[in-house]
Every structure is written in C-alpha cells, then in structure tokens.
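1. the sequence and its predicted three-dimensional model are supplied below.
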Amino acid sequence: MRQSKMLLPTLRDVPAEAEVISHKLMLRAGMIRQVARGIYDFLPLGVRVLRKIERIIREEMDRAGAQEVLLPAICPSELWQESGRWEKYGKELLRIKDRNDREFCFGPTHEEVITDLVRRDVRSYRELPINLYQIQSKFRDEVRPRFGLMRGREFIMKDAYSFHVDRADCDREYENMFQTYRRIFDRCALAYRPVEADTGAIGGSRSHEFQVLAESGEDAIVSCNACEYAANVEKAGIGDGTPPAAAEPTSLVDVPTPGQRTIEEVSAFMKMKPHRFIKTLLYVAGDTVVVALVRGDHALSEAKLKDVLGTPGVELAPESTVEAVTGAPVGFAGPIGLKGKVRLLADHALAGITAAVSGANKADVHVKGVSASRDFPNAEMVDLRIARAGDRCPRCEGTFVLQRGIEVGQVFYLGTKYSEALKANVLDGEGKERVLEMGCYGIGVTRTIAAAIEQNHDDAGIIWPMPLAPFHVVVVPVNVTDERMRTTAERLYAELTARGVEVLFDDRDERPGVKFKDADLIGCPLRITIGPRALEHDAVELKRRTEKAATEVPIADVVEQVVAIVKAETAA
RNA sequence: CGGGGCGUGGCGCAGCCUGGUAGCGCACCUGCCUUGGGUGCAGGGGGUCGGAGGUUCGAAUCCUCUCGCCCCGACCA
C-alpha cells in the first residue's frame, strides 16, 4: 500500500477524549475515530489489524472443528421472551421497533438465536456434537462505555456455541475450546492468563476468562505464587487462613455511635481496626432476604453470594427492608436479634471470631464483645469475600498475588439453560428425547486489539507483534525526489509485495523526520530505510521496531531477509 | 443512574471572571527553499464559539433550559 494514497490520518496531538494508551495510540495512528459514545469508525489501518485477528480466530476455530455461521444482528423479541432474557437483560439490551411496532433487539450475544436455529434443524444425536461460531458486531447499551475499544457499545465479537447429547461430551468440547483459545492468544503473542470466572448474566455452571495482563485492565485477578491456580477476585477460592487466636467470649456491651454508619466511620470513632468488625449486609435474592456477614476489612463478592444461594442474581436490600429486618436505619445492622425468618450467611474468616464489633440493630448503637460461636451459631459458614493479595491459595500452600487484566475471552459451560427454555431436543440412540447440553465461547475481537496495544507500545507508538501487524514492513525512502532512492524503494516495494510480504510504502514527499515519527507511531515490526548513506555501498537499512539501531543489508539480500523474518514470526 | 469536568476551524488550546463582533500552535492549499528524527520563508482557505430561549444598544463571554463528550462508582467480550 502506498502511504500517499492511504487514508491514514495520523495525529500529532492526542484528542482530549482519550484516557488510556491503547485508545490514544489508535486515534493518533489513524486506526479509529469516535462517532458517538462507545461507537467507532474503523479506518483502513484499523481494519487491517482487525482482519488479522479475525483470521487467526477463524483458522483456529476451523481447526478445532467449529463451523462458521452468520446470525442476524437484529433479533426478534419473541426468542428473548422465550428464554426470559427480554425482561432480565435490562437496559443494556438495545431495543428497537419496526414500522409495525414489532419489537427487536440488536443482539448483545446470540444464545437464543443459535438455539432456535439448532432446534429447528438438528433432530438427531447423529448430527451432534456441533459447534457453530460467528464473528459479528454486537450491541450492548453499556452504562459506561470506556477506554476506546476496551468497552464499546458496538463491538466485534467472535461467539461460538456448541451442542451435545450429554455432559461428558460438552465437557470435552469445553476443554477443546479452552485449548483453542490458548492457541489463538498465543498466536496473537499476548501475555495472558486463563482464570476461573463467574458465569455472569449469560448463566451456566463453569467458566474461565482469558485475561490479558495490563495495568489498565478493568478486572482484578489473583494468581497463586506457587501453583497454576488463578481466578477473578470475585470468584477465587480462598484457602484457610490463620484462625484467630482463641479468646474467651466477652460480654456484649452496647456502644453509642451516633451517625457512624460505615466500617471506616465506626472504626475511626471507636479507635479499633476494621478487621475487628463484622460487616452486616442485607441482600434480596428473588423474594427472600439474606443477611451476609463478612469481616470489616473484607469485601463481599456478590458473585460468590449468588453462587452460594444458587440464584441468578442478588441485590442490596432497599432501605425499607433493612429497617423491617433490623429495626434500625441502614448502618446499624448486626447478626444479633434479627427479626423474622432470614437466612444468615457468614464468611469463613468470621469462624471463631471473638470480641468483635457489629451493629446493634438499634439506631446509633453498635455492640462490642460479639462472638461467632455464642452470638450467631446458626449462621452458615461459607466463602463470601473477594480475594486479596496475600490470601491463601485453595489448592496449595502458596499465596495470592494481585494483577490487573483485560478480559479478551471467556468460555462457559452453559448446560441446559437455553436448550430447556427454548425446547431444543434431539432423539438419542434409544429414540428418547434429550435436552441438549450447551457450551458457549466468546472472544472480544476489538477488545483484543486494544489489549494488544496496551501490552505492546513505547513512548513513540505501537509495537505490533508480527501476526497482528497491519503491515509487516514499512519502506521509507528518505527523499523521494532523489531518483535512486525512489527507484530502489519502488523496486523493493514491488518485490516484497510479490513475495507475499505486506508492505506500507511511504512514498510521500515528506521530510524524513515526519516519516520516521509516523512509522514508529503506526508500529510496523520492520522498517527498511533507503537513504544516501547505505546506498553508497548498494545497501539499505533494516530495523526492527523494537530496536534502536538499524543494520545495513545489501539491496540484493534484503527481500530474502525480510521474507524469512516475516515467515518465522507469523508461523501458526 | 449518582458525583466531577469539558464543549471555540480537522487536532490541541487561549479568549469568558471584568460583554464591544474571534485568536494561537499543528494540520490543510499555493509557491520557493530544504531532505537521516515532526524543515524554513511568503501567501492563502476554513469557525452558526454544541443547540434553544432570555438579559442587553450589543453575547463566545451573563442567566435559564437542553444536547453531546470525558473521568470516578454499580456491568461485561
């Protein structure tokens, strides 16, 4: 591609809208432009990178035995009514009506549509297993789109859905997809970790996220410093900590704490460390009220609470419920003397705690001397808290380190959640109807681009790994008005292109400095510079984007060298 | 949805407090110069100051409403 002809508007200044590095660099490099909140144009350079990732995904999904389909972006509400998600998905579902007032949504994910397809066209166990995938724009009317491509309202996703006659086969495919995802992200040259994850709104029972490690990541993950265990903090199992020193229960004493509601406030007011407190949180799950206790310095994981309760979701109880159950305004709840039948759950870290402080279920009063065994013996002891650095690994003697990650992919074991709702059955070998077991597997394609840049850049710009690079090499004649430089560059451009190398040819009549700055910003892995110095000995300069210095290569050899490097670094 | 901030040529900004008819850098166009890390000189084009209403002789500037965008908290690929 000739740069003089390419729509490649690089920017010297960073548009004010951008905050994180990937967003800034994509704007500056002329890859994307914002059209509306969370909605972007892809310019030619951006599209080239997008296609690279898509290609890797297609190759690996096909290799894994999946088949590509293309489902509609616009989905009829009826299917979503059938699964129950028309109501449940909430405002994130971008809804529209056609001219006849019939309701549709722009698909945020496609379990309903694919399950509908399969229930209509797959009748026999002999046609299974089947894994269908697509690469398509998805729409989620996010509360808070952010960070450019990291969280858009329209974004490109690879989504795959597999269907099986039994659990064992679905498990097999889960593993197959897990390994396929490893290959995909390995080929994208990303530093990532698969971590155990919550199943979220999509539903299901087993899930891993693929997290690209990056400071700017929105997710917090913990990984064991001794074994392979890694998980999202909201999901991570926590091994047994040191039990609190056994102490004789002390008697309960009310402490007036006027207006002190949060742990921080009461802790400061009473001059006691937060870990001596019991945080009492009221949740509603469906129509039952649950009281959850965690230690004052810990945070409750709603994902874990949800799992423990086996409900699709939990919400903090409204003020009126808190007052009805505790008899006190919000801020003074405690485990002692709750009214009515409520389910009481306590985090493991509270087992055996003595001389703790909690709310007294009276306005402006806390109580000290609380003892777990004496004062809430009926509480179910469960894992409720968000993991932190230093927590004990559930699998070994190691401890957790905390990292931030960008979730670029997730695999789910879905089970029969959708097949049951949509009545997707097949006949098995005995002629009996079986509800299909399902798995689903997503990759945020556009988010992967952002993640790749977060991980591969320097002060001058992007540093593409070869497999994702929009061009393998940029050819820069220092001065196009010089006859020999120009013709040499033209020749190399033609020869490299003929050999299958993707070349950006900077044929613009610009100063060398401008060209070098743009080349660094765009970040092609290789640069060939054609200038007077090397040309004197019939050579050009070959430089890697990762390196400062160039090496002189005879003109006669440079094509072979570049071809060899590109081949080596794009090998599947 | 709550809290904070910002809307002035393509991008980055000044001007607003203290009303007087729009400016700077970059980019863009023309010409000459220059050609190894965002070159120099000269000339030039481009802006309903986010929108609507109001105050005023006069509004980018003051007031009201509204729309958009960004950041911080509850969601997810």
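-> Great, that's in hand. Numbers count the residues shown, from 1 in each chain, chains lettered A, B, ... in the order given.
2. may I have the secondary structure class of the closest residue to A:Val35 other than its chain neighbours?
-> Spatial nearest neighbour of A:Val35, chain neighbours left out: A:Asp41 (5.7 Å); criterion: CB to CB, 6 or more residues apart in numbering. Using the backbone N, CA and C atoms, a C-beta is placed for each residue, glycine as well. Of the three states, A:Asp41 takes strand according to DSSP: H, G, I helix; E, B strand; the rest coil.
3. A:Asp41: what's it in contact with?
-> For A:Asp41, the contact set (CB atoms under 8 Å, 6 or more residues apart in numbering) comprises A:Ile32, A:Arg33, A:Gln34, A:Val35.
4. now the first one: how far from A:Arg12?
-> Meaning A:Ile32. According to CB to CB, to the nearest Å, A:Ile32 stands 17 Å off from A:Arg12.
5. what residue in the stretch 251-400 of chain A comes nearest to RNA strand B?
-> The nearest approach of the stretch 251-400 of chain A to RNA strand B comes at A:Glu302, 5.3 Å away (CB to the nearest atom of the strand).
6. and if you look at chain A?
-> A:Gly531 (1.9 Å).
7. name the element A:Ala168 belongs to?
-> Here A:Ala168, judged by DSSP states H and E, is contained in helix A:167-187.
8. whoops, A:Glu430 was the one
-> Assigned by DSSP H and E, A:Glu430 falls within no helix or strand.
9. where does it land on pLDDT?
-> Predicted confidence (pLDDT) for A:Glu430: 93.
10. also A:Glu541?
-> Here, the pLDDT recorded for A:Glu541 equals 97.
11. wait, it touches A:Pro532, no?
-> No. Counting by CB atoms under 8 Å, A:Glu541 does not reach A:Pro532; the two are 11.2 Å apart.
12. how about the strands in the stretch 451-572 of chain A?
-> Ranges of strands within the stretch 451-572 of chain A are A:457-458, A:461-462, A:473-477, A:503-505, A:526-530, A:539-544, A:551-554, based on DSSP state E, counting those that start in this stretch.
13. what sits up against the second one?
-> This means strand A:461-462. Outside strand A:461-462, the residues within contact range by CB under 8 Å, 6+ apart are A:Leu25, A:Arg28, A:Ala29, A:Ile453, A:Asn456, A:Asp520, A:Leu521, A:Ile522, A:Gly523.
14. ok, 7 Å please
-> For strand A:461-462, the external contacting residues (CB atoms under 7 Å, 6 or more residues apart in numbering) are A:Leu25, A:Ala29, A:Ile453, A:Asn456, A:Asp520, A:Leu521, A:Ile522, A:Gly523.
15. could I have the buried ones of these as PyMOL selection syntax?
-> In PyMOL, a selection of the buried entries from the contacts of strand A:461-462 looks like this (16 or more other CB atoms under 10 Å):
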select buried, chain A and resi 25+29+453+456+520+521+522+523
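16. can you put the contacts of strand A:461-462 in JSON lines and add pLDDT and distance to RNA strand B?
-> Formatted as JSON lines, these follow (pLDDT from 0 to 100; distance: CB to the nearest atom of the strand, whole Å):
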{"residue": "A:Leu25", "pLDDT": "95", "distance to RNA strand B": "11"}
{"residue": "A:Ala29", "pLDDT": "96", "distance to RNA strand B": "9"}
{"residue": "A:Ile453", "pLDDT": "96", "distance to RNA strand B": "14"}
{"residue": "A:Asn456", "pLDDT": "96", "distance to RNA strand B": "17"}
{"residue": "A:Asp520", "pLDDT": "97", "distance to RNA strand B": "4"}
{"residue": "A:Leu521", "pLDDT": "96", "distance to RNA strand B": "5"}
{"residue": "A:Ile522", "pLDDT": "97", "distance to RNA strand B": "10"}
{"residue": "A:Gly523", "pLDDT": "97", "distance to RNA strand B": "11"}
